[in-house]
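Novice: Using only what follows, build the 3D model:
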Amino acid sequence: MVSYDILLSLPSYIGYLALTLFVWWLLHPDSFDKIAVYAYKLMAYVSKQHRKRYIAKYIEHDVAGVLRRLEKYFKIDLRRLKIEWADVETVELFSRKNA
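Specialist: This next block holds a predicted model:
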């Protein structure tokens with residue numbers, strides 16, 4: 001006989017993993033961002049869309065680290081960087097209208 005106890009307890013293991021990741025995200029958001037960058041790097045091989053997300057997250061993570069180091073020396077409040085991609089056609093159209 002095959003025991004299906006492992007399959008029945010699988011949702012609880014997934015729940016424990018999700019809870020652990022959530023608590024870790026609350027306590028250490030910077031290291032969680034680094035793991036997200038590595039996850040995006042793995043998905044970057046799948047499509048161009050994922051590659052753009054990886055590049056954006058990589059730059060955001062690096063800039064956030066530099067901003068944290070600057071905040072130690074200067075009393076400034078810097079926001080996180082958010083990178084948005086633009087279409088080439090949109091940029092060309094915008095430059096033609098404003099030229």
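Novice: Report the helix or strand with the lowest average pLDDT across this structure.
Specialist: Sorted by mean pLDDT, DSSP states H and E, the helices and strands of the chain end with helix 88-98, the least confident at a mean of 70.
Novice: Work out for me the element the residue nearest the centre of the chain sits within.
Specialist: The centre of the chain sits closest to residue 36, judged by CA atoms, centre = their mean, with a distance of 4.5 Å. Element membership for residue 36 (DSSP states H and E) is helix 29-43.
Novice: From the contact counts, what lies against that helix?
Specialist: With contacts defined as 3 or more CB pairs under 8 Å, 6 or more residues apart in numbering; DSSP states H and E, the packing partners of helix 29-43 are helix 5-27, helix 48-73. C-beta here means a position set from N, CA and C on the backbone, and glycine is covered the same way.
Novice: The same query, at a cut-off of 7 Å, please.
Specialist: Where contact means 3 or more CB pairs under 7 Å, 6 or more residues apart in numbering; DSSP states H and E, helix 29-43 is packed against helix 48-73.
Novice: Same question for the helix it packs on: list its buried residues.
Specialist: Using 16 or more other CB atoms under 10 Å as the test for burial, helix 48-73 gives 50, 53-54, 56-58, 60-61, 64.
Novice: what's the angle from it to helix 29-43?
Specialist: Interaxial angle of helix 48-73 relative to helix 29-43 (axes from the mean of the first three to the mean of the last three CA atoms, to 10 degrees): 160 degrees.
Novice: and helix 48-73, how far from the chain's centre?
Specialist: Computed by CA atoms, centre = their mean, to the nearest Å, the chain-centroid distance of helix 48-73 equals 9 Å.
Novice: so what secondary structure elements neighbour it?
Specialist: helix 29-43.
Novice: got the buried residues for the helix it packs on?
Specialist: Within helix 29-43, the residues that count as buried by 16+ other CB under 10 Å are 33, 36-37, 40-41.
Novice: With distance to residue 21 and pLDDT as added columns, please give those in a markdown table.
Specialist: Below are these laid out as a markdown table (distance: CB to CB, whole Å; pLDDT from 0 to 100):
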| residue | distance to residue 21 | pLDDT |
| --- | --- | --- |
| 33 | 13 | 81 |
| 36 | 11 | 84 |
| 37 | 15 | 88 |
| 40 | 16 | 89 |
| 41 | 18 | 91 |
